[in-house]
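**Student:** Need coordinates for the following:
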Amino acid sequence: MGVIRIKIIPFGRIPQSILEIIKKALSSTFNLLVEILREERLPTDTFNRFRNQYRSDLLLKFLEKNFRGRVFGVTKEDLYTEGLNFVFGQAKLKGRVAILSIARLDPKFFHQPENERLFEERVEKEAIHEIGHMLGLTHCDTRGCVMNFSNTIGDVDKKTKFLCNSCKSQLGL
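**Tutor:** Reported below is the predicted structural model:
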């Protein structure tokens, strides 16, 4: 696949430890050169005040319009796209933009006890998943593959952080 560069754009105050976990996961999984850029503000026109959520599809358009190269936005805000109650993230398939929300990946979102290790594992899985889409992978049915579709937090917890052999092969890894 060769070396690909990607920029992580934190929207709001994302803990540096989380950004570093994402950077390391993307670098080691896909052999990417990852750079973390400065914090940006979420565009207000992507916010739906009735839902108290941001539209992920509009955020992808914002990223495409305002940044060059491959970019990966990360936010603590809850996301949705038309037709879905929420999304953990979204990416342009074989595109250059992706977005991830860490909101629902935190056990505290579901009124569960703080569990930093579980939170970090979920972030790692979903970051890898979204960048997999950006690089051309679709959802995978292989049990445990990180490219499994996640409709619930339970689905995220069931999968591993690893690509199956078929997904690796598609990327030439």
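**Student:** Which stretches in this protein count as helices?
**Tutor:** 16-30, 56-66, 116-134, 153-158, 165-171 (DSSP state H).
**Student:** and the ones you listed as TSV, adding mean pLDDT and distance to R96?
**Tutor:** Any C-beta I mention is one placed from the backbone N, CA and C, and that applies to glycine too. TSV is the format used below for the helices of the chain (pLDDT from 0 to 100; distance: least, C-beta to C-beta, whole Å):
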stretch	mean pLDDT	distance to R96
helix 16-30	96	14
helix 56-66	97	7
helix 116-134	97	7
helix 153-158	96	25
helix 165-171	95	16
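**Student:** Ok, which of those comes nearest K7?
**Tutor:** helix 56-66 (9.7 Å; C-beta to C-beta).
**Student:** Flag every buried residue along that closest one.
**Tutor:** By 16 or more other C-beta atoms under 10 Å, the buried positions in helix 56-66 come out as S56, D57, L58, L59, L60, F62, L63.
**Student:** Determine the longest strand present in the protein.
**Tutor:** In the chain, taking DSSP state E as the definition, the longest strand is strand 4-11.
**Student:** Packing partners of that one?
**Tutor:** helix 16-30, strand 32-36, strand 71-75 (3 or more C-beta pairs under 8 Å, 6 or more residues apart in numbering; DSSP states H and E).
**Student:** Can you tell me which of the ones you listed is most buried?
**Tutor:** Across those, averaging neighbours per residue (mean count of other C-beta atoms under 10 Å) puts strand 71-75 on top, at a mean of 24.
**Student:** Show me what that strand is packed up against.
**Tutor:** Using 3+ C-beta pairs under 8 Å, 6+ apart: strand 71-75 touches strand 4-11, helix 16-30, helix 56-66, strand 97-101, helix 116-134.
**Student:** These into a markdown table, with extra columns for distance to N165?
**Tutor:** Formatted as a markdown table, those follow (distance: least, C-beta to C-beta, whole Å):
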| stretch | distance to N165 |
| --- | --- |
| strand 4-11 | 21 |
| helix 16-30 | 14 |
| helix 56-66 | 29 |
| strand 97-101 | 23 |
| helix 116-134 | 14 |
